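Chemist: Curious how this folds, go ahead:
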Amino acid sequence: MRIKRRVYVGLLVASLFLLAGLATGGWYLVTHRSIVVSRIILTAALIAGGIGFIIIGCGILAIVLTIIRCRSIPSFDGMMRAANQLLFPLAVFLGTLVGIGREKVWQSFIAVNNTLVKAKSSLASPSRLMILVPHCLQDSECPHKITADVNNCKKCGKCCIKDLIELAEKYHAVLKVATGGTLARKYISDFRPQAVVAVACERDLSSGIQDAGVLPVLGVLNSRPNGPCFNTKVAIEEVENAIKTIIKI
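Modeler: Predicted structure coming up:
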């Protein structure tokens, strides 16, 4: 344990010195513009920044066009992902600055993502579709462990796991119950689905969609009548509609 702590602290110190070096170098270049090398570096940085701006701008434009047309633009998928990945944290930050709560920004992001996913012409066959739900949907007093095997559920009807199992069986999809992001990523890595219908809260759905990358994820928000992460619920009809969207029924 001591070695791990030293490694991490050492990396923190190294990062601090690196940032200090970059700041010093940047200050030196700005204050010595007559140096040819500094001009070349600054010009290269401006060009790189301009190219990045164009790529992200095209990605945002493609997102807007996809929402308007309800039809995907495959050649711009990479640019749309780049825009989402790079600007999402900034969007959340700016939202808080102007008084828009993070949950509202997350909800908006999930809605945009779902629109982009629905616009795709082909997503997944039923057997390659994963339904990924959080463990907090299970009744808190249930003694049966369903994260290892969802079939351990006794289908008593006290929570919605029974309905989700029946839904997965109806559409020949794979249902997985995860305790968190690490287990969810393991399920996806092991099964390698073509698409995912994910149930979670705003924060977890947003981060999960970001982590998924090119994998299409259709998000369904859960409800939390008993507070966060405790006996949560989900509208089964919304999950079924998401499944139908994925397999194009």
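Chemist: what's the span of stretch 208-220, first residue to last?
Modeler: Terminal residues of stretch 208-220 lie 12 Å apart, using Cα to Cα, to the nearest Å.
Chemist: what pLDDT, on average, does it get?
Modeler: Stretch 208-220 comes out with an average pLDDT of 94.
Chemist: Which positions in that stretch come out as buried?
Modeler: Neighbour-count burial for stretch 208-220 flags 208-210, 212, 216-220 (criterion: 16 or more other Cβ atoms under 10 Å). For glycine as for every other residue, the C-beta is placed from the backbone atoms N, C-alpha and C.
Chemist: How about stretch 113-128?
Modeler: Quick answer for stretch 113-128 (16+ other Cβ under 10 Å): 113-114, 116-118, 120, 123-124, 126, 128.
Chemist: Same question for stretch 79-88.
Modeler: Buried-residue list, stretch 79-88, by 16+ other Cβ under 10 Å: 79-80, 82-84, 88.
Chemist: contacts for it?
Modeler: Stretch 79-88 is contacted from outside by 55-56, 58-60, 62-63, 66, 109, 113, 116, 206, 210, 213-214, using Cβ atoms under 8 Å, 6 or more residues apart in numbering.
Chemist: In helices, which of those residues fall?
Modeler: Residues of these located in helices (DSSP state H): 55-56, 58-60, 62-63, 66, 109, 113, 116, 206, 210.
Chemist: Is it possible to mark the buried ones in the residues you listed?
Modeler: 55-56, 58-60, 62-63, 66, 109, 113, 116, 206, 210.
Chemist: measure stretch 221-229 end to end?
Modeler: 13 Å.
Chemist: Centre of the chain to that stretch, how far?
Modeler: The chain centre lies 19 Å from the centre of stretch 221-229; the measure is Cα atoms, centre = their mean, to the nearest Å.
Chemist: Please point out which parts of it sit buried.
Modeler: Those buried within stretch 221-229 under the rule 16+ other Cβ under 10 Å are 221-222.
Chemist: quick one: the most centrally placed residue in the chain and Ser127, what's the gap?
Modeler: Residue closest to the mean C-alpha point of the chain, counted by Cα atoms, centre = their mean, is Ile209 at 1.8 Å. Distance of Ile209 to Ser127, given as Cβ to Cβ, to the nearest Å: 23 Å.
Chemist: Let me see the domain layout of this structure.
Modeler: Domain assignment for the chain by the TED database gives 1-119, 126-246.
Chemist: Which stretch among these is buried most, on average?
Modeler: domain 126-246 (a mean of 17; mean count of other Cβ atoms under 10 Å).
Chemist: which regions of the protein sit below the pLDDT cut-off?
Modeler: Low-confidence segments of the chain, defined by pLDDT under 70, are located at 1-16, 19-20, 22-24, 26-39, 46, 249.
Chemist: Show me the strands in it, by range?
Modeler: 129-134, 174-178, 195-200, 217-221 (DSSP state E).
Chemist: Which of the buried ones among the ones in helices among the contacts of stretch 79-88 sits closest to Ser75?
Modeler: Nearest to Ser75 out of these is Ala62 (Cβ to Cβ; 8.7 Å).
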